[in-house]
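Undergrad: fold the following, please.
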Amino acid sequence: MLGILIHGDNHFIVRGPLPDRATALALARHWSLIQIGQTTPASLQPWTIVTRAFREDLEWAVVVPGEGEVTPAVAQLREELQARGITIHTYASEA
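TA: Take a look at the predicted model:
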């Protein structure tokens, strides 16, 4: 499965199942911070970043809080996904 994880003004095209709230937040944290020598925790290994994909192949979308506003291109992609009937899952930050 392919999906998009939107994190503020950043986004990731992801191969893997639709993540739950805790996993989506963990993925956004893990991929947003560059930490040399860090390996991906086992709990996050079912998801990988994809560098090339067709928008028609996206099957899920998740939005988690982040810095900055969503870019116009990603906002347009969200609209396209909604028009195709794909639910946009919006998860709040951890309390």
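Undergrad: show me the helices in the chain, by range?
TA: Secondary structure of the chain by DSSP state H: the helices cover 21-32, 72-83.
Undergrad: got phi/psi on the most far-flung residue of the chain relative to its centre?
TA: Each residue of the chain has a distance to the centre, and by Cα atoms, centre = their mean the biggest one is for G37: 22.7 Å. With angles defined as degrees, to the nearest 10, G37 sits at phi 90, psi 0.
Undergrad: retrieve the pLDDT associated with it.
TA: G37 carries a pLDDT score of 77 in this model.
Undergrad: quick one: it and N10, what's the gap?
TA: 22 Å (Cβ to Cβ, to the nearest Å). In short, each C-beta sits where N, CA and C put it, glycine included.
Undergrad: how about D57, nearest residue that isn't a chain neighbour?
TA: Spatial nearest neighbour of D57, excluding adjacent residues (Cβ to Cβ, 6 or more residues apart in numbering): L2 at 5.0 Å.
Undergrad: tell me where the protein has strands.
TA: 2-7, 10-15, 48-49, 58-64, 88-90 (DSSP state E).
Undergrad: nearest to V74, out of these?
TA: Among the strands of the chain, strand 10-15 comes nearest to V74, with 5.1 Å by Cβ to Cβ.
Undergrad: what sits up against that closest one?
TA: 1-5, 27-28, 31-32, 47-51, 53, 58, 66, 68, 70-71, 74 (Cβ atoms under 8 Å, 6 or more residues apart in numbering).
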